[in-house]
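K.L.:
got a predicted structure plus its sequence, pasted below:
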Amino acid sequence: MLGIWTTERIRAAEDRLLAVTPDGELMRRAAFGLATQVADLLAETTGSVSGRRAVLLVGSGNNGGDALWAGAFLRRRGVAVSAVLLKPEKAHAAGLAALRRSGGRVVSLEDSPQWIDRADVVVDGIVGISAKGPLRPDAAKLVESVDAPIVAVDLPSGVDPDTGAVDGPHVTATRTVTFGALKPVHALAPQECGEVVLVDIGLRPSLGEPDLRQLELADVAAVWPIPGPADDKYSQGVVGIAAGSATYPGAAVLASGSAVHATAGMVRYAGHAAEVVRSRWPEIVATGSVTDAGRVQAWVVGPGIGTGADGRELLRHVLGQGVPVCADADATTIIARDPDVLDARDPDTPLVLTPHAGEYERLMGRKPGADRLTAAREAAKKYNAVVLLKGHCTVVAAPDGRVSVNTPRGSWLATAGSGDVLTGLIGSLLAAGLDPWLAASAGAQVHSLAGALAAEGVPTSASGIVDAIPSALRVVRAAGRSS
Ligand SMILES: NC(=O)C1=CN([C@@H]2O[C@H](COP(=O)(O)OP(=O)(O)OC[C@H]3O[C@@H](n4cnc5c(N)ncnc54)[C@H](OP(=O)(O)O)[C@@H]3O)[C@@H](O)[C@H]2O)[C@@H](O)CC1
Ligand SMILES: [K+]
């Protein structure tokens, strides 16, 4: 599991480490790692390093200092380096001196276009973890004129370090080289960061527990229930699906199919779409009502059940069964309109809510806003539930403060019915007894992997995502074996 720390925590850890490290040492470690990555990118994109041209965009802080020191290291490898200083009077003095000693050139803002035009690579050292807001006009103009691949120092300038929010001009990097630890921006703004490379500068022991986590496929493999010799259909978990209606059976078919593929456990369906579900998935035991569904170890409730009195009663019944519940779609709306429905739930019974931004607004009375980590955390606290906040990056917060982020593999999940598939996955994992935060986090990973595999570069459908779940699980298992 990858750990991610907020900039406040990073800064505190850096201060502790700086106090016991010779002056300038951390920056030189960071800059050496940066220079190596810039040289590697030059080799990859042009076939050589020596004789190539790098332009450094240098802001007024230590981020610019990293770029200047890296420029000095690149000179040793024969790269022609020019630095454009956005605020010459505030440029990092030691870094600038090192660059000058190494034979690097400093060019004025006015002269910069001719150097930027001829650059093989541009290094973005405009601003790092002290960034506030989008790029300022002078920096924005420079960045706009760049055609060469950009290596971002620590993070792409103009993107918020703690939320990944983009609210105006910013850098879109080919590669981002960060130091000491991952920051939220790296998980929340994958398109702006490009490939993220972490350079070790010895910070990890000073950091403590991460603020945010990102599951790797090997983590998913470690928790995903795979039947062993002693397992039967019950020990893998029996999941109940209360979804869909006679008029709209699609949600029922998708959530049920997803559950069928997710684990080897048994799937029960209860609702008005029983006929359709049975004919599509003969392995499912389908009945007309949740009251005669039989024993289940977790419920999926919500997609397509409607938001009227029947839907409300259905939700109440399911919440009162003392087993984990994943409440989605219409169930979220019912809870938002009538939170008393949650009285049916024993507070110790795990509940997973899976709102998109609109449902979040209904639940919380406000939009999630740019800080989606805090938004998800607050909803998790308020509802004493695991909250999976959908969006380009899916954030999963638990009431105990744990948060994970699932960085997408493209935009393939933006298709009708995709959410029903996710709910089915999470429900199956809950039935298998997984911790609800892990169930939601692992479900989101497999969902996005199945989406990418189903799409293979062209738009796919929710049914396509269901069909790709076995392939996604094979990829997950392979990652588990090779880790
Ligand atoms: N500490 C360490 O040991 C290590 C630190 N390291 C490195 O230091 C970096 C942090 O450096 P930092 O704290 O000096 O600030 P940094 O991010 O460079 O910003 C500087 C100034 O930029 C300005 N500015 C703000 N917003 C802006 C915007 N939108 N657009 C344009 N400009 C903007 C604002 O100044 P102003 O112009 O307002 O005076 C702000 O004060 C970190 O990311 C890592 O790269 C590594 O070397 C490892 C060791
Ligand atoms: K930067």
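P.N.:
Looks like it arrived, so ask away. Ligands and ions are numbered 1, 2, ... in the order given.
K.L.:
which residues of the stretch 151-300 of the chain fall in strands?
P.N.:
Applying DSSP state E, counting those that start in this stretch to the stretch 151-300 of the chain gives strands spanning 175-179, 195-199, 212-214, 238-242, 266-270, 285-287, 298-301.
K.L.:
how many other residues sit next to A222?
P.N.:
Neighbours of A222 under the rule other Cβ atoms under 10 Å: 16. From N, CA and C alone the C-beta is placed, and that goes for glycine too.
K.L.:
excluding covalently adjacent residues, which one is nearest to it?
P.N.:
Spatial nearest neighbour of A222, chain neighbours left out: G480 (6.3 Å); criterion: Cβ to Cβ, 6 or more residues apart in numbering.
K.L.:
so which bits of the host helix or strand of the one you found are buried?
P.N.:
Under the criterion of DSSP states H and E, G480 resides in helix 462-482. Neighbour-count burial for helix 462-482 flags 462-469, 472-473, 475-477, 479-480 (criterion: 16 or more other Cβ atoms under 10 Å).
K.L.:
what of stretch 80-98?
P.N.:
Those would be A80, V81, S82, A83, V84, L85, L86, A91, H92, G95, L96, A98, for stretch 80-98 by 16+ other Cβ under 10 Å.
K.L.:
tell me the contacts of the nearest residue to the fifth one once chain neighbours are set aside?
P.N.:
The shortest distance from V84 to any residue other than its chain neighbours is 4.4 Å, reached at S112 (Cβ to Cβ, 6+ apart). Contact criterion Cβ atoms under 8 Å, 6 or more residues apart in numbering gives V55, V84, L142 as the residues in contact with S112.
K.L.:
what does the protein put close to ligand 2?
P.N.:
For the chain, the residues in contact with ligand 2 (Cβ under 5 Å from the ion) are D124, A152, V153, S157.
K.L.:
what sits against the last one?
P.N.:
Read that as S157. Counting by Cβ under 8 Å, 6+ apart, the residues that S157 touches are 57, 59, 63, 124, 126-128, 131, 135, 139, 143, 170-171.
K.L.:
ligand 1: which of the buried residues of helix 462-482 is nearest?
P.N.:
A479 (31.0 Å; Cβ to the nearest ligand atom).
K.L.:
do you know the pLDDT at that closest one?
P.N.:
On the pLDDT scale, A479 is placed at 96.
K.L.:
quick check: closest non-adjacent residue to it.
P.N.:
L217 is the one closest to A479 (Cβ to Cβ, 6+ apart), at 3.5 Å.
K.L.:
next, count neighbours for the residue nearest to R52 when sequence neighbours are not counted.
P.N.:
Leaving out its chain neighbours, the residue that sits closest to R52 by Cβ to Cβ, 6+ apart is D120, at 4.4 Å. D120 has 20 neighbours, counted by other Cβ under 10 Å.
K.L.:
start at 4, not 1
P.N.:
Understood, numbering begins at 4; the last thing we discussed is D123.
K.L.:
between the strands of the stretch 154-303 of the chain, which one is closest to ligand 1.
P.N.:
strand 178-182 (4.6 Å).
K.L.:
can you list the strands that that closest one pairs with?
P.N.:
strand 153-156 (parallel), strand 198-202 (parallel) (DSSP bridges).
K.L.:
contacts for it next, please.
P.N.:
Strand 178-182 is contacted from outside by 29, 32-33, 36-37, 40-41, 44, 69, 152, 154-159, 189, 196-202, 204, 206, using Cβ under 8 Å, 6+ apart.
K.L.:
can you say which of those residues are buried?
P.N.:
Buried by 16+ other Cβ under 10 Å: 29, 32-33, 36-37, 40-41, 44, 69, 152, 154-159, 189, 196-197, 199-202, 204, 206, out of the contacts of strand 178-182.
K.L.:
A57 contacts V41, correct?
P.N.:
Yes - A57 is within contact range of V41, at 6.4 Å (criterion: Cβ atoms under 8 Å).
K.L.:
between those two, what contacts are shared?
P.N.:
The contact sets of A57 and V41 overlap at L77, V82, V124, V126 (Cβ under 8 Å, 6+ apart).
K.L.:
which residue packs closest to the residue in the stretch 4-153 of the chain that ligand 1 sits nearest to, ignoring adjacent ones?
P.N.:
As assessed by Cβ to the nearest ligand atom, ligand 1 sits closest to G131 within the stretch 4-153 of the chain, at 1.9 Å. For G131, ignoring the flanking residues on the chain, the nearest one in space by Cβ to Cβ, 6+ apart is N66 at 3.2 Å.
K.L.:
kindly report the same for G253.
P.N.:
In space, G253 is closest to G420, 6.1 Å off (Cβ to Cβ, 6+ apart).
K.L.:
and if you look at S431?
P.N.:
A265 is the one closest to S431 (Cβ to Cβ, 6+ apart), at 3.7 Å.
K.L.:
isn't that neighbour up against G427?
P.N.:
Yes - if you go by Cβ under 8 Å, A265 and G427 touch, sitting 6.6 Å apart.
K.L.:
T397: neighbouring residues, count only.
P.N.:
So T397, with other Cβ under 10 Å, has 26 neighbours.
K.L.:
what bridges to it?
P.N.:
Going by DSSP bridges, T397 forms beta bridges with N409.
K.L.:
tell me the contacts of it?
P.N.:
Counted by Cβ under 8 Å, 6+ apart, T397 has contacts L391, V408, N409, P411, A447, S451.
K.L.:
again, but for A155
P.N.:
D127, V174, A176, R178, T179, V180, C196, G197.
K.L.:
so which of these wins on neighbours?
P.N.:
Of the contacts of A155, with other Cβ under 10 Å as the count, D127 tops at 32 neighbours.
K.L.:
for the helix or strand hosting it, give me every contacting residue.
P.N.:
D127 belongs to strand 124-128 when assigned by DSSP H and E. Contact with strand 124-128 is made by 37, 41, 44-45, 48, 55-62, 66-71, 73-74, 119, 146, 149, 151-156, 159-160, 174, 176, as judged by Cβ under 8 Å, 6+ apart.
K.L.:
for ligand 1, what's the nearest residue on the stretch 254-403 of the chain?
P.N.:
Using Cβ to the nearest ligand atom, the single residue of the stretch 254-403 of the chain nearest to ligand 1 is A373, 14.6 Å away.
K.L.:
that residue contacts V162, doesn't it?
P.N.:
No - applying Cβ under 8 Å, one finds A373 not in contact with V162, separated by 11.0 Å.
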